[in-house]
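> Okay, here's the prediction I keep looking at, along with the sequence it came from:
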Amino acid sequence: MDITIIGAGAIGGTIGAHMARAGHGVLLCDADADHVAAINAHGLHIEGPVEDFTVRVDAVTPEELPSRVGAGGVGAAVVAVKSLHTASAARVLAEVLAPDGYVLTTQNGLTADTLSAVVGAERVVSSFINVGADYLEPGRILQGNIAAFRIGELAGGAITPRVGLLADAMPYALPTENVLGYLWGKEAYGAMLWAGAVSDLTIADSLSLPEYRELMIAVAQEAIDQAPVQVESFDGFVPDDLPGSLDRLATFNRRSAKARSGIWRDLMVRKRKTEVDEVHKDIQGPVFDRIVAMVHDVEEGRRTCERANLDELAAFVHDLPTHV
C-alpha cells in the first residue's frame, strides 16, 4: 500500500522503515529538518537486537508535504507524533487527505477525538502499539523489542477492510475488535511508566522493586477504574492481576534493549516537554495527579529524575485513606 507517515521518530520511523523494506510506498514527514535531510541523504537506519538495516525512503518536512502529494491527495496516513502535537498533525493532513482518505493514529493516549474534530470521525482508525523504540539521532532509530500492535475501528466491532489492509501491511500488527480496550490497558501500564520515569531506575527495576509495588498497583488501578470498555491484556499486563503483571512486565522489559521509557528520555536526554498533560486529560485521581505535578517539577527544573521521587510517591500512596 501507499502510506504517508506524519512523525518519523521512534514509532513512525520504525513502522515506515519496515513497510518500505517490505516494498510498500512510504513517504515520511517530520518537523525535524535534520532528521529529514539525513534520511534523504543516507537512508533510515534501524538498529538494535531485533533488526539492523538501512532502507531508502523519501522524507519531507510538513511545509514540503503538499507539493509532494499528487492531485488525488493522501489515501492512507499515519499520525505518529507526540500527543501534544496531534492538532498540528491534523491540520497538516487536512490540507492533503483525499476525500476518501483515512488516518491511523499510533500514538500514546486517546488522541482520536482531536483528529476526528479536524478530518471527521469516520476517517480515523486507531491502534495500540507497545513496541519499544527510541530516536537516537538524525537518521537513526533503536528498535528495542517486538511487542503487541493492534489496529481497530474506533467504534469497535467487526474487522473492516481498511483495518485488515493496515494490519497486513504493518510490522507485528494484528486486527482487533476492541482497540479501545487495548488503549486503556496501555493507559494503565503507561501510568506505571510515568511513575517510574521520575526516578533514575530502569523500567524493569521500578516495576520489580518491592518498595514500589503498592504505588504501581495503585496508579494502574486508577486508570483501569476509569476505562469505559473492557480492558485488554498484552505483553504480560493483565488488568485483573496487577501484582502478577508487575513481575511479568519487569521480565518483558528486561528482554528489551530499551531500558528506560520515552518519558524519561524526554525529561533527561532530549530535555523537552512530555505528553503528561495530554494523558492527564484521560486519567485523573490522587495518585496520577501527584505524578503529573512531579513531572512538571522535572520539566521546569525544580526536580531531577531520581529514586527519592519514587520514595515520595510510595509514601504518599501508603498514607492514602484507602491504599492498595
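Good, I have the coordinates.
> In the stretch 51-200 of the chain, what residue spans correspond to strands?
Remark: strands assigned in the stretch 51-200 of the chain by DSSP state E, counting those that start in this stretch are 53-55, 58-60, 74-79, 97-105, 124-129, 133-137, 140-143, 149-153, 173-175.
> OK, contacts around the residue most central in space within the chain?
In the chain, the centroid-proximal residue (C-alpha atoms, centre = their mean) is residue 108; its distance is 3.7 Å. Residue 108 makes contact with 83, 186, 190, 275, 279, according to C-beta atoms under 8 Å, 6 or more residues apart in numbering. Where C-beta positions appear, they are placed from N, C-alpha and C, glycine not excepted.
> where do the helices sit along the protein?
For the chain, applying DSSP state H gives helices covering 10-21, 33-42, 65-68, 86-96, 112-119, 161-169, 179-197, 203-208, 213-225, 242-254, 262-268, 276-280, 286-299, 307-318.
> Dump those to CSV, plus mean pLDDT and distance to residue 144.
Listed next are these as CSV, based on pLDDT from 0 to 100; distance: least, C-beta to C-beta, whole Å:
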stretch, mean pLDDT, distance to residue 144
helix 10-21, 98, 9
helix 33-42, 98, 19
helix 65-68, 93, 29
helix 86-96, 94, 24
helix 112-119, 94, 26
helix 161-169, 98, 22
helix 179-197, 97, 14
helix 203-208, 98, 10
helix 213-225, 98, 21
helix 242-254, 98, 9
helix 262-268, 96, 11
helix 276-280, 95, 21
helix 286-299, 98, 22
helix 307-318, 98, 22
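> Can you tell me which of those is nearest to residue 53?
helix 10-21 (6.5 Å; C-beta to C-beta).
> Leaving out sequence neighbours, find the closest residue to residue 117.
residue 90 (7.5 Å; C-beta to C-beta, 6 or more residues apart in numbering).
> pretty sure that neighbour is in contact with residue 119, am I right?
Yes. Here residue 90 lies in contact with residue 119, judged by C-beta atoms under 8 Å, at a distance of 6.3 Å.
> between the two, who's got more neighbours?
residue 90 (23 against 19; other C-beta atoms under 10 Å).
> list the contacts for the more buried one?
With C-beta under 8 Å, 6+ apart, residue 90 has these contacts: 79, 114-115, 117-119.
> just to revisit the earlier point, now distance to residue 75 too, for the helices of the chain, in JSON lines please.
Listed next are these as JSON lines, based on distance: least, C-beta to C-beta, whole Å:
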{"stretch": "helix 10-21", "distance to residue 75": "14"}
{"stretch": "helix 33-42", "distance to residue 75": "22"}
{"stretch": "helix 65-68", "distance to residue 75": "14"}
{"stretch": "helix 86-96", "distance to residue 75": "10"}
{"stretch": "helix 112-119", "distance to residue 75": "13"}
{"stretch": "helix 161-169", "distance to residue 75": "10"}
{"stretch": "helix 179-197", "distance to residue 75": "21"}
{"stretch": "helix 203-208", "distance to residue 75": "37"}
{"stretch": "helix 213-225", "distance to residue 75": "35"}
{"stretch": "helix 242-254", "distance to residue 75": "36"}
{"stretch": "helix 262-268", "distance to residue 75": "29"}
{"stretch": "helix 276-280", "distance to residue 75": "28"}
{"stretch": "helix 286-299", "distance to residue 75": "38"}
{"stretch": "helix 307-318", "distance to residue 75": "46"}
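> All set now, cheers.
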